[in-house]
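In: this is the structure alone, sequence omitted:
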């Protein structure tokens with residue numbers, strides 16, 4: 001069955017660089033031009049990677065649209081206002097923030113994911129001295 005759609009050739013998302021600057025022996029001079037980054041050359045990724053990266057934002061947008069259609073404009077405005085207020089809750093700089101209020105507003109308090117198990121403040125690599133951190137924030141150091 002032909003739908004009149006032409007086949008698309010798969011094109012790589014990376015570009016091969018044939019303009020290597022060669023040294024005296026015909027090889028790229030790493031001491032002069034540095035080591036090349038593979039990430040700059042290869043950016044091909046799986047099509048679902050972008051979808052997974054934007055999943056939370058799309059869920060929030062869908063939730064706001066449903067709230068606006070069912071309850072009116074005040075519901076998404078109120079929820080957005082509460083989320084922004086929850087993000088601005090201040091703590092002392094050396095204390096870890098749990099963001100519990102924000103998790104409750106987003107509905108993340110009933111889910112268990114990677115950050116709940118392996119990203120706890122107990123495993124934090126750097127512990128700071130409280131007095132030094134506050135003095136630095138106040139500009140005394």
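Out: Cool, got the structure. Source: prediction; values computed, not measured.
In: can you list the buried residues in the longest helix anywhere in the chain?
Out: Counting by DSSP state H, the longest helix found in the chain is helix 55-71. Neighbour-count burial for helix 55-71 flags residue 67 (criterion: 16 or more other Cβ atoms under 10 Å). For glycine as for every other residue, the C-beta is placed from the backbone atoms N, C-alpha and C.
In: tell me the helices and strands packed up against that helix.
Out: Here helix 55-71 touches helix 74-87, going by 3 or more Cβ pairs under 8 Å, 6 or more residues apart in numbering; DSSP states H and E.
In: angle of the helix it packs on against helix 55-71?
Out: Interaxial angle, helix 74-87 versus helix 55-71 (axes from the mean of the first three to the mean of the last three Cα atoms, to 10 degrees): 140 degrees.
In: buried residues in helix 74-87, which are they?
Out: Per 16+ other Cβ under 10 Å, helix 74-87 contains these buried residues: 75-76, 79, 86.
In: ok, now stretch 86-106?
Out: In stretch 86-106, counting by 16+ other Cβ under 10 Å, buried: 86, 102, 105-106.
In: residues in contact with it?
Out: By Cβ atoms under 8 Å, 6 or more residues apart in numbering, the surrounding residues in contact with stretch 86-106 are 60, 79, 82-83, 109, 121, 124, 128-130, 133-134, 137.
In: ends of it, what's the gap?
Out: End-to-end distance for stretch 86-106, by Cα to Cα, to the nearest Å: 11 Å.
In: what's the answer for stretch 84-93, then?
Out: Termini of stretch 84-93 sit 19 Å apart (Cα to Cα).
In: taking the centroid of this structure, which residue is nearest it?
Out: residue 53 (7.2 Å; Cα atoms, centre = their mean).
In: check contacts around residue 116.
Out: Taking Cβ under 8 Å, 6+ apart, one finds nothing in contact with residue 116.
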